[in-house]
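Participant: Curious how this folds, go ahead:
(one chain, ligands or ions: 1)
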Amino acid sequence: MFLFSTLNDPRSWASSGFEFTLGQPGDFRVVLAEGPEVDRLCEPLKTGSNVSCQNGSVVALNAGKWRFGPTEWDSTLDDYRRYLVNHEVGHLIGQRHPSPRCPDLGAPNAVMEQQTGGLKGCSGNAWPLGWELERAAARPAVLAPLPDWQPEPTPVNLGGLATTTVPVSAAPDPAPTSTAPSVPTSATSAPSTTTTSPPEQFTETSPEETQDDGSSPWGWIVGLVLLIGLFGGGTAWAVAKRRQ
Ligand SMILES: [Zn+2]
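Facilitator: Numbering: from 1, shown residues only. Presented below is the predicted three-dimensional model:
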């Protein structure tokens, strides 16, 4: 499944100590939906039927962007989709938009940069940069922080390649739960269409700010409800956990 193959890729938040698996219903869900539904899920954030958001317990991905990608993108559509998943789930695990977009012209955007609205002189990047992985690994964030929480200072984009992986805690990883099915590794086919994407004006309307209140312990377990119908057909539940 595309969502899990992305999140559990060694280049993604898996390298920060997270695991995302199909599982029982939980407190969080990832939804790929048409613009009006995303707008509803993202309220009071304003997504204008055009962008995606993380809003409390929901990660809502805009199906139009999923189908066509943004107006400006310099890699494959699959790469854009992986960016979208990594970015919004990045918010779910407490990551914020950094600054600057990239330290050197043409260098990769941090995955937590808002790349749907343009690459702004940086290159498109689907995966967390090394420092982003380190930051996510070092910071026990509250999942699904609410948008009205006070944000921490803007992270500094240190640049660097997106291939860096970081060691997770020295503590042994717990064995997978017996109820969790194995994680599919193959990507599902994306919704297909023969129409073309209309030109669109991007406006940054989603605050998406996240905040760690320091109360979350390491080793929490959070459920993700995945509406697979939008990723390939059907409905499924998922569990994500942070390894000790
Ligand atoms: Zn964002």
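Participant: where exactly do the helices run in the chain?
Facilitator: Assigned by DSSP state H, the helices in the chain fall at 2-7, 35-42, 63-68, 77-92, 130-138.
Participant: Enumerate the positions of the fourth one that are buried.
Facilitator: Of all the residues in helix 77-92, those buried under the rule 16 or more other CB atoms under 10 Å are 79-92. From N, CA and C alone the C-beta is placed, and that goes for glycine too.
Participant: And the last one, by the same measure?
Facilitator: For helix 130-138, a neighbour-count test (16+ other CB under 10 Å) marks 130-137 as buried.
Participant: pLDDT on it, on average?
Facilitator: Helix 130-138 shows an average pLDDT of 89 in the prediction.
Participant: how far off helix 77-92 does that helix point, in degrees?
Facilitator: Using axes from the mean of the first three to the mean of the last three CA atoms, to 10 degrees, one finds that helix 130-138 and helix 77-92 are set 40 degrees apart in direction.
Participant: Could you list every helix and strand in contact with helix 130-138?
Facilitator: Helix 130-138 sits against no helix or strand, with contacts defined as 3 or more CB pairs under 8 Å, 6 or more residues apart in numbering; DSSP states H and E.
Participant: and what of the third one?
Facilitator: The contact analysis (3+ CB pairs under 8 Å, 6+ apart) places helix 63-68 against strand 28-33, helix 35-42, helix 77-92.
Participant: Turn those into a markdown table, columns for mean pLDDT and distance to residue 105.
Facilitator: A markdown table is the format used below for the helices and strands packed on helix 63-68 (pLDDT from 0 to 100; distance: least, CB to CB, whole Å):
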| stretch | mean pLDDT | distance to residue 105 |
| --- | --- | --- |
| strand 28-33 | 84 | 33 |
| helix 35-42 | 94 | 32 |
| helix 77-92 | 94 | 20 |
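Participant: Take these and write them to CSV, including distance to residue 53.
Facilitator: Output for these, formatted as CSV (distance: least, CB to CB, whole Å):
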stretch, distance to residue 53
strand 28-33, 10
helix 35-42, 4
helix 77-92, 7
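Participant: so which of the buried residues of helix 130-138 would you say is closest to residue 49?
Facilitator: The closest of the buried residues of helix 130-138 to residue 49 turns out to be residue 132 (CB to CB; 28.5 Å).
Participant: Can you give me every residue that contacts that closest one?
Facilitator: By CB atoms under 8 Å, 6 or more residues apart in numbering, the contact set of residue 132 is 90, 95, 98, 110-112.
Participant: ok, now how distant is it from residue 99?
Facilitator: Residue 132 is 13 Å from residue 99, where distance means CB to CB, to the nearest Å.
Participant: ok, now residue 134?
Facilitator: For residue 134, the distance to residue 99 - CB to CB - is 17 Å.
Participant: Ok, residue 54 next?
Facilitator: In this structure, residue 54 and residue 99 are 19 Å apart, going by CB to CB.
Participant: Please apply the same query to residue 12.
Facilitator: On the measure of CB to CB, residue 12 and residue 99 end up 22 Å apart.
Participant: Also residue 62?
Facilitator: From residue 62 to residue 99 the distance is 24 Å (CB to CB).
Participant: The two - which one has more neighbours?
Facilitator: The residue with more neighbours, out of residue 62 and residue 99, is residue 62; 25 against 11, by other CB atoms under 10 Å.
Participant: give me phi/psi at the closest residue to that one other than its chain neighbours?
Facilitator: Leaving aside its chain neighbours, residue 62 sits nearest to residue 52 (4.7 Å; criterion: CB to CB, 6 or more residues apart in numbering). Per-residue torsions, residue 52: phi -110, psi 170 (degrees, to the nearest 10).
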